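Student: build me a model from this:
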Amino acid sequence: GNGVLYENVDAPDTPWHESAQPSGIGPTTYNFANGFSGTTEMNGGTLGLANDGSLGTSVGQANEASTIIYGGHNGSTTGVTIDNAIVLGTDVPLTLQTNKDVTSTQTGAISGDGSIIKTGTGDLIFDGDQKIYTGETIVEAGRLIAGHANVFSPFATQNIRPGATLDLNGTDQTVGSLIN
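Tutor: Next up is the predicted model:
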């Protein structure tokens, strides 16, 4: 094996109702919708979201550099829509990954003093609540797409790497600055 642990979690049947804490062991994948309502603390691990309701109504708290994989579980091209808010710790980078042929959506707010790094060749749509984090947005691969006007953080520098796309989708956006 490759030393990666895949743990399939159906939160109502776990003791994690108050605090789920994926860590650096390997991906923790939430496969089913659930009623989880605590805090999902991200402490250096990878969290795979295979279902729209994977996190219930919990709030994501990125305490250390971590990764969220949106949909595309086990090679599927099925995306997800995640309504949960995410709070970034000070200077904490959070990687949001969408894989090839997957389009997913983040509708929940993203706030805090950390940064967002979009990876993977798929598409990620920022929609719903405005994203108001103060760190940088780095689009390394694929497309980060605006779902509506002024959804991108007005405080964040948008850093678009070669071959990646920040797609305004015909909308007006106010951003801290743009590096292309």
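
Student: could you look up the SS state of the spatially most central residue of the chain?
Tutor: Nearest to the mean C-alpha position of the chain, by Cα atoms, centre = their mean, lies Leu96 at 4.0 Å. The three-state assignment at Leu96 reads strand, by DSSP: H, G, I helix; E, B strand; the rest coil.

Student: next secondary structure after the strand or helix carrying Thr40?
Tutor: Counting by DSSP states H and E, the element that carries Thr40 is strand 39-43. Using DSSP H and E, the helix or strand that follows strand 39-43 in sequence is strand 46-49.

Student: for beta bridges, what are the partners of the residue nearest to the centre of the chain?
Tutor: Beta-bridge partners of Leu96, counted by DSSP bridges, are Ile68, Lys118.

Student: got the contact list for it?
Tutor: Contacts for Leu96 (Cβ atoms under 8 Å, 6 or more residues apart in numbering) come out as Thr67, Ile68, Tyr70, Gln106, Ile116, Ile117, Lys118, Thr119, Leu124. Bear in mind the C-beta positions are built from the backbone N, C-alpha and C, glycine included.

Student: ok, Val175 next?
Tutor: Thr137, Phe152, Ser153, Pro154, Ala156, Thr157, Gln158.

Student: contacting residues around the nearest residue to the fifth one once chain neighbours are set aside?
Tutor: It refers to Ala156. Using Cβ to Cβ, 6 or more residues apart in numbering and skipping residues adjacent in sequence, the residue nearest Ala156 is Thr137, 4.7 Å away. Each residue near Thr137 by Cβ under 8 Å, 6+ apart is listed here: Ser115, Ile116, Lys118, Leu144, Phe152, Ser153, Ala156, Thr157, Gln158, Asn159, Leu166, Val175.

Student: please report how far Thr137 lies from Ile116.
Tutor: Distance, Thr137 to Ile116, using Cβ to Cβ, to the nearest Å: 5 Å.

Student: can you pull the residues that touch both of these two?
Tutor: Contacts common to Thr137 and Ile116, judged by Cβ under 8 Å, 6+ apart, are Ala156.

Student: coming back round to it: buried residues, the strand holding Thr40. List them.
Tutor: Across strand 39-43, burial judged by 16 or more other Cβ atoms under 10 Å covers Thr39, Thr40, Glu41, Met42.

Student: ok, so of these, who is nearest Lys131?
Tutor: Met42 (16.8 Å; Cβ to Cβ).

Student: which one is that closest one nearest to, not counting chain neighbours?
Tutor: The shortest distance from Met42 to any residue other than its chain neighbours is 3.6 Å, reached at Ser66 (Cβ to Cβ, 6+ apart).

Student: ok, the one you found - how many residues close by?
Tutor: By the measure other Cβ atoms under 10 Å, the count of residues near Ser66 is 25.

Student: my guess is it meets Gly45, correct?
Tutor: Yes - at 5.8 Å, Ser66 counts as touching Gly45 under the criterion of Cβ atoms under 8 Å.
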